[in-house]
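> sequence first, predicted coordinates after that:
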Amino acid sequence: MTGREWRNWAGNQVAHPADVVRPRSVQDVIRTLQRGATVKCVGAGHSFTSIAVTDGVQMSLDLMQGIESVHPLPDGCSAVTVLAGTRLRALSAALWDLGLAMTNLGDIDEQSIAGALSTGTHGTGQRFGGISTQVLALELVTADGSIVHCSRETETDVFDAACVGLGALGIITKVTLRCEPAYVLHAAEAPATLGGTLDSQAWNDADHFEFYWFPHTDRVLTKTNTRVPGDATRPLSRLRAFVDDDLLANRAFELVNRAVTRFPSAIPRVNALSSRALSAREFTDRSYRVFASTRTVKFREMEYAVPADTVASVIREIDRWQRSSGLVVAFPVEVRFAASDDIWLSTAYGRGTAYIAVHQYHRRDHRDYFDAVEAIARSVGGRPHWGKLHSMRADDFAEMYPRFEDFVAVRNRMDPDRIFGNEYLRTTLPM
């Protein structure tokens, strides 16, 4: 024991690193690697897996934040180079001040840009890829202290691997993103039925669509975000935002989960009441403010990426399992969508994708529920999110990803001594 303790946001992963370093520059990163110890980079700790856990040197890039440069591109977009420790929330606000925005974002923006890329963070929208698809170039420091610059034109195999690199290839120090002119989103949120939503396939017609299904009911909340011209915003009033997003979505939801943890038999009735109490709302705001929300209720999460055309059958099979198992779940099931891409370890590699995320309150046992959903998702070729709980191992991933062996070959070349290894990578990648 060193006296140092690190916990992730959810509190389910704990590390006792031998040392903690916070470099201010690439040269500081190189000096740390030259010590010869095992080094693991950590971002905001929003992964539920042990991907950032280490008993070696823990490296935080929190002192390496900010936009370094902006260069216009011929198509009207801009190439923006960002230091790797920059948090998505700060980056989005800074981009807006420059008249720019990211093409897509997840529903949480606490992560560092390097951490988000390394675990395959995505948003929603059938025509839009995850954050890694917005990357134009990367700078990373390899195990021997070399600085590698990679892109689709230079060191292409490293680039294809590092855009979702699991922290296995090196320390990402800079990211160049393709950012588009700033845009606003019109958000329309409304209650609906699960059957009607699945039958309508509304995600095919919307820019950014997702829905939340309340287990043990036929009720969902749909969220449709539409890109609109101009920069005029009509945000929620402060009172409505406080009541909906702070009081109800966080504070009251925490109290409800504490109560039903003691009395789980009440969950179906509570879900039915909660889903029918939802009211529609519409607002228009800066894109990043619409994409992301604040979550303070602690939970465990598993998310599987399944072929988009299987989403209805997977959701219905989860519903059937819940009904037959007798297990009750208070947290809504989140369903999002993404375009196919060509990034080697992207969960959307080679196919249009639906993401099905299941959650369990941190004071309740998630294992039976997650095991059942994992089996259902795996039956249609599902791939687990790299930063969320799953039980898959290297042999499983070799079957899921056509370029898995290529990724492993790049990893073996760049980190033969496993300087960036930890227990998560020992099970995820071949030794």
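All right, it came through fine.

> which residues does stretch 181-189 contact?
If you take C-beta atoms under 8 Å, 6 or more residues apart in numbering as the criterion, stretch 181-189 is touched by 76-77, 95-96, 99-101, 207-208, 221-228, 230-233, 280-287, 290-291. Where C-beta positions appear, they are placed from N, C-alpha and C, glycine not excepted.

> and it, how far out from the chain's middle?
Here stretch 181-189 is found 20 Å from its chain centre; the criterion is C-alpha atoms, centre = their mean, to the nearest Å.

> so where does Thr197 fall, helix or strand?
Assigned by DSSP states H and E, Thr197 falls within helix 194-200.

> helices or strands next to that helix in the packing?
With contacts taken as 3 or more C-beta pairs under 8 Å, 6 or more residues apart in numbering; DSSP states H and E, helix 194-200 sits against strand 219-228, helix 311-325.

> just name the most buried of these.
Greatest average neighbour count among the helices and strands packed on helix 194-200 goes to strand 219-228 (a mean of 19), per mean count of other C-beta atoms under 10 Å.

> ok so, going back, following the helix holding Thr197, which helix or strand shows up next?
strand 208-213.

> what about Gln34, how many neighbours?
Using other C-beta atoms under 10 Å, Gln34 has 10 neighbouring residues.

> ok, the closest residue to it other than its chain neighbours - contacts?
In space, and not counting its chain neighbours, Gln34 is closest to Gly145: 5.6 Å by C-beta to C-beta, 6 or more residues apart in numbering. The contact partners of Gly145, taken as C-beta under 8 Å, 6+ apart, are Ile30, Leu33, Gln34.

> quick revisit: can you flag the buried ones in the contacts of stretch 181-189?
When these are checked for burial by 16 or more other C-beta atoms under 10 Å, the buried set is 77, 95-96, 100-101, 207-208, 221-225, 283-287, 290-291.

> which helix or strand in this structure has the lowest average pLDDT?
Using mean pLDDT, DSSP states H and E, the weakest-scoring helix or strand in the chain turns out to be helix 238-241, at a mean of 85.

> now do it: everything it contacts.
Pro235, Arg281.

> if we go to 10 Å?
Pro235, Leu247, Arg281, Phe283, Asp285 (C-beta atoms under 10 Å, 6 or more residues apart in numbering).

> any idea which of the residues you listed is closest to Val26?
Asp285 (36.3 Å; C-beta to C-beta).

> who are the contact partners of the closest one?
Counting by C-beta under 10 Å, 6+ apart, Asp285 touches Val184, Leu185, His186, Ala187, Asn225, Thr233, Arg234, Pro235, Leu236, Ala241, Phe291.

> rerun at 8 Å
Contacts of Asp285 (C-beta under 8 Å, 6+ apart): Val184, Leu185, Ala187, Thr233, Arg234, Pro235, Leu236.

> show me what it is bridged to.
Leu185 (DSSP bridges).

> figure out the helix or strand that Phe159 lives in.
Using DSSP H and E, Phe159 sits in helix 156-162.

> kindly export that helix (C-alpha atoms) in PDB.
Below are the C-alpha coordinates for helix 156-162, written out as PDB (Å, rounded to 0.1, in the frame of the first residue of the first chain):
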ATOM      1  CA  THR A 156      -1.700   5.000 -41.100                       C
ATOM      2  CA  ASP A 157      -1.700   1.700 -39.300                       C
ATOM      3  CA  VAL A 158      -0.900   3.400 -36.000                       C
ATOM      4  CA  PHE A 159      -3.700   5.900 -36.700                       C
ATOM      5  CA  ASP A 160      -6.300   3.300 -37.500                       C
ATOM      6  CA  ALA A 161      -5.400   1.500 -34.200                       C
ATOM      7  CA  ALA A 162      -5.000   4.600 -32.000                       C
END
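
> in it, what counts as buried?
Of all the residues in helix 156-162, those buried under the rule 16+ other C-beta under 10 Å are Val158, Phe159, Asp160, Ala161, Ala162.

> what are the contacting residues of it?
137-138, 140, 148, 150-152, 169-170, 172, 342-345, 403, 406-407, 410-411, 414.

> recalculate using a threshold of 10 Å.
For helix 156-162, contacts defined as C-beta under 10 Å, 6+ apart pick out 117-118, 132, 135-140, 142, 148-153, 155, 165, 168-170, 172, 342-346, 403, 406-411, 413-414.
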